[in-house]
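Student: Next input, structure requested:
(chains A and B)
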Amino acid sequence: MPTAPNVDLLQGTLDLLVLRTLRTGPQHGWGIAQRIQQISEDVLRVNQGSLYPALHRLEHEGWIEAEWGSSDNNRRAKFYRLTRAGEKRLGEETASWERLSTAVARVLRMA
Amino acid sequence: MRALARARHFLRALISRGRVERELADELALHLELETEKRLRDGGPPEEARRRAAIAFGGVESVKDEVRESWGIRFLETLGQDLKYGARSLRRNPGFTGVVALTLGLGIGANTAVFSVVRGVLLRPLPYARGQEVVALHQPAPESGIEDIGFSVKDVADYAALTPSLEDVVEYHSMTFTLLGGPEPQRVRTGVVSAAFFDVLGVAPMLGRTFRKGEDAMGAEALLVLSHSYWQQRLGGDPNVVGRRFEMNDRVHTVVGVLPPLPGYPDENDVYMPASACPFRTQPRILEDRRQRGYQAFARVKAGVPLERARADVATVVERLKSEYPDAYPQGLAPTATLVSVREEMVRSARPTLLVLLGTVALVLLIACANVANLTLARLSDRGREMGVRAALGAGRVRLLRQLLTESTLLAALGGVLGLAIAFLTRGALVQFAARFTPRADEVRVDGAVLAFSLLATVLTGLLVGSLPGLPAFEKLARALAGDGRTTAGRSRQRVRSVLAVSQLALSFMLLIGAALMLKSFANLQKVDPGFRPDRVLTMRIDLNWSKYVNPERRVDRQRVLQVFEPLWERVRGVPGVVTAATGLTFPLNSAFSNNGSFMIEGIHQADQALPRADYHAASAHYFETLGVPILRGRAFDEHDRDGAEQVAIVSQGLARRYWAGDPVGQRISGDRGQTWARIVGIAGDVRQTALAAEPPDIIYYSFGQFPGYASTLFVRSSGDPVALADRITAEIRGLDPQAAVTNVQTLETIRHDALASPRLTAFLLGLFAFVALAISAAGLAGVLAYTVSQRTREIGIRMALGAQPGSVLRMLMGQGLASVVIGLLIGLVGALGLSQLVSGLLFGVAPTDPWCFAGSAIVLVAVALVASFLPARRATGIDPILALRTE
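Tutor: Residues are numbered from 1 along each chain as shown, chains lettered A, B, ... in the order given. This is a model prediction of the structure:
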């Protein structure tokens, strides 16, 4: 098993990633984790121990909604879906992340 | 929208808990399953794949725990755990729990009890409809030194007509009549009122009705409204009492209604009658003469009108009356007019005492809290390990603090329950106490507000007690976990404990000073010479049924009154054990009695000028001898001073000194502006006629033989126990007039004792609280020092091994105790100087900064503190250096 560089996700960053992942459509917890891992080419590994608390927290905040449905091979799974408020939140979070990363990048280049 | 989602989420987690838990389990199980499958797809043995997936996932339970945290119901569950755990830990330490619950119980109980009185008397709205609008009118004449000249019938009508801000103005006075028709003649205190009196007060009857408009008109039928207590106690709460007829003043009076329980205000009346039923109030001179100002006036301010405006209005009215009726105001009599809310009138004299008591018990509770915090700290050092283990097992800082708070709140709750019990048990005594200051005492009860107060006090106590030791506990914890447990760990906690001990001492010092001031004030009152000799004198009030003792002009028929009294004195003096007997107007130290009037001295005053005033009393032969009042000059009254002889008077020493440079004996004075004159035959010693704390009033005594009254007080000096004579003497009175009402049978000793009752109880309560506070603080100080000793055992052992003498160790430790005391004294001194002004209104003959009280309190505090620090310090000197060095 290839060892991937392990990156600790900052609190809040995970929220952003989860929200972004859900923009493509409803997904269950495992699916979200897989997707983040795939797209980041195994750089970002979502620790399950933080994924579920984060999902429940986002649900509690009203940014995502949960619904039980059937997964690929007909298993009952809890699907999360972005809400209107969640979409707005995603916009804000993305903007602020971009501001932050541009700033960090600039410092790294120029300082 | 989001808040709604959140609430739904929270409620779902709370209510359908089982389902939510199952769903969470399913969700996580699916994740694990999918993860395992994925690893299976990657190849390798299934067992290994499952194992790896499980490892990658981490602890399922801890994930669940964290998820639950996000549901927002966590705190409820942990609260349950905290409570269970706290209760267990308290049960394991019954000694600690008992001491703390008792300390807090005393503190909370005292506060609840005093608050219940404050609530009933000062805070609760009056039991009148819109009671805040009800006011009492006064016409003070400050230049003549008169608090209230009273109102005439015409005055009341004028105020009603001329004051736009008042809805109505009613008249009131109280008289005693004899009521016939019950099992025995009863002396009833009767409120004589305008028909609208109860409407102005805002009182609805409990049975029947109150008076209606026009029922106070001249010639109207005589009616009665009964007070609740009279109806209950004398008429057995007869439900058919409305319509019952009684005979009073030779007229039939019909009961029309019964009042609900009300404060005894303006007086503790038994019954009420309309003004037209009063045989005196209906005399033409009372109705017409504006100078007959024998009545009180009450009014209701129109809704929404501020008191200030109404006050300004009545001040205008009196100016108008003065200019319109100059004859009604003798030269120099320049009354003003004002009004005061009746609520203020009722509670004015109770407020200072109650507030001082409330402050005192609050301080006691603070001391109790500080002490319990101290105890908790001591206990925490034993629990350091436990806390450390819990922290190591993953308990967060906040969680630990919450555990402490839960425990202390549990303790406070125990104290609160105990406190409520104390409040219930002491309620009766407190109501009696309050009744000496205010007619509202009967309204004291443990109601919702009192329970709420008690709950609040309990919760605050729990928070205070729990957070005080909690703060240093965590510093210590942090260090202990960092492996730096021993040497400096105790330092900050020790500092907190010292601060707690010092503040207890400071607060105790303040309470001690308060108690000392009250005690000294009480001692001063007790030393006051009342002006009479109270030992072995029986007094009783005799009210003849006046209607049998008046002539057709409604004036007292002196002969007929004396026909009762002269044989009565004769017979009473013949009773074995009686030394002497006499009659006066009323008993001394009677604050309710007032018979003030003006007088003129022949050759000095003119009838049309403002005249000096004095209290008028009547005294029979042997009066001064019976009461033990000395005759300083001239002579006392004797049997010859009766109708037909020259009118005579005796003046009090103070009055003689104030108005005569030389000897007044032989001079003449007049109480009716020169119409009749009385010759002064003697000077009597000053008597505290109204109260021990009040300067003796100026008194003019008339001879009872010349001015007998049907309401009077009989005095009997005996050689043995005066109370034993009471029945015999009552029988003699009944033998002479079966309709005479005999009441207030008591000794002068009792009267004096009662006059001291409220200052005695106030001093006792403050002393008790100060004692409790001192005991708690001493225990606190001893605890701190004992803790120091246990912390410094090794150090002390080393010192002693190096040759320190026990004496120097003792001095060192006592020095620490003494330092706390000195700081406590200084802080307490500042506080006491600031607060002592608040008690000044309760003090008699002692300044609020009395140096003796301050010094005495300081000595007591230092002495107690020395003992408290000596005990643990002596234990330190017994430390065996060898053993001490081994302790680790």
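Student: got any ranges where chain A has weak pLDDT?
Tutor: Scanning chain A for pLDDT under 70 picks out the ranges A:1-11.
Student: and the residue in chain A that chain B sits nearest to, how many neighbours?
Tutor: Per CB to the nearest CB, A:Gly62 is where chain A lies closest to chain B, at 3.4 Å. All C-beta atoms are positioned from the backbone trio N, CA, C, and that covers glycine. Neighbourhood size, A:Gly62 [other CB atoms under 10 Å in any protein chain shown]: 21.
Student: how far away is it from B:Pro274?
Tutor: Between A:Gly62 and B:Pro274 the distance is 72 Å, computed by CB to CB, to the nearest Å.
Student: so what's the residue positioned nearest the centre of chain A up against?
Tutor: Centrality entry for chain A: nearest residue to the mean C-alpha point is A:Val18, 1.9 Å, by CA atoms, centre = their mean. A:Val18 makes contact with A:32, A:36, A:51, A:54-55, A:58, A:64, A:80, according to CB atoms under 8 Å, 6 or more residues apart in numbering or on different chains.
Student: Can I get the helix or strand containing it as PDB, trimmed to CA atoms?
Tutor: Element membership for A:Val18, per DSSP states H and E: helix A:13-22. Extracted as PDB, the C-alpha positions of helix A:13-22 are listed here (Å, rounded to 0.1, in the frame of the first residue of the first chain):
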ATOM      1  CA  THR A  13     -11.200  22.900   5.900                       C
ATOM      2  CA  LEU A  14     -13.000  19.600   6.200                       C
ATOM      3  CA  ASP A  15     -16.300  21.400   6.300                       C
ATOM      4  CA  LEU A  16     -15.400  23.200   3.100                       C
ATOM      5  CA  LEU A  17     -14.400  20.000   1.400                       C
ATOM      6  CA  VAL A  18     -17.500  18.100   2.500                       C
ATOM      7  CA  LEU A  19     -19.800  21.000   1.300                       C
ATOM      8  CA  ARG A  20     -17.900  21.200  -2.000                       C
ATOM      9  CA  THR A  21     -18.200  17.400  -2.600                       C
ATOM     10  CA  LEU A  22     -21.900  17.500  -1.900                       C
END
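Student: Which SSE is immediately downstream of that helix?
Tutor: Later in the chain than helix A:13-22, the nearest helix or strand by DSSP H and E is strand A:27-28.
Student: Near chain A, which residues of the stretch 251-400 of chain B? Just list them.
Tutor: Proximity of the stretch 251-400 of chain B to chain A, by CB under 8 Å from any CB of the partner chain, involves no residues.
Student: just chain B next, same as before
Tutor: Counting by CB under 8 Å from any CB, chain B sits next to chain A at B:1-2, B:4-6, B:9-10, B:23-24, B:26-28, B:30-31, B:33-35, B:38, B:42, B:56-59, B:62-63, B:66-67, B:69-72.
Student: which of those residues are buried?
Tutor: Buried by 16 or more other CB atoms under 10 Å in any protein chain shown: B:5, B:9, B:24, B:27-28, B:30-31, B:33-35, B:57, B:63, B:66-67, B:70-72, out of those.
Student: Which of these fall within helices?
Tutor: Counting by DSSP state H, these place B:5, B:9, B:24, B:27-28, B:30-31, B:33-35, B:57, B:63, B:66-67, B:70-71 in helices.
Student: Can you show me the strands along chain A?
Tutor: Using DSSP state E, the strands assigned to chain A run over residues A:27-28, A:64-70, A:76-82.
Student: Comparing those, which comes out most buried?
Tutor: Among those, strand A:27-28 has the highest mean neighbour count (mean count of other CB atoms under 10 Å in any protein chain shown), at a mean of 22.
Student: what's it packed up against?
Tutor: When contacts are defined as 3 or more CB pairs under 8 Å, 6 or more residues apart in numbering or on different chains; DSSP states H and E, strand A:27-28 sits against strand A:76-82.
Student: Partner strands of the strand it packs on, with direction?
Tutor: strand A:27-28 (antiparallel), strand A:64-70 (antiparallel) (DSSP bridges).
Student: how about CSV for those strands, with distance to B:Ala684 added?
Tutor: CSV is the format used below for the strands paired with strand A:76-82 (distance: least, CB to CB, whole Å):
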stretch, distance to B:Ala684
strand A:27-28, 106
strand A:64-70, 98
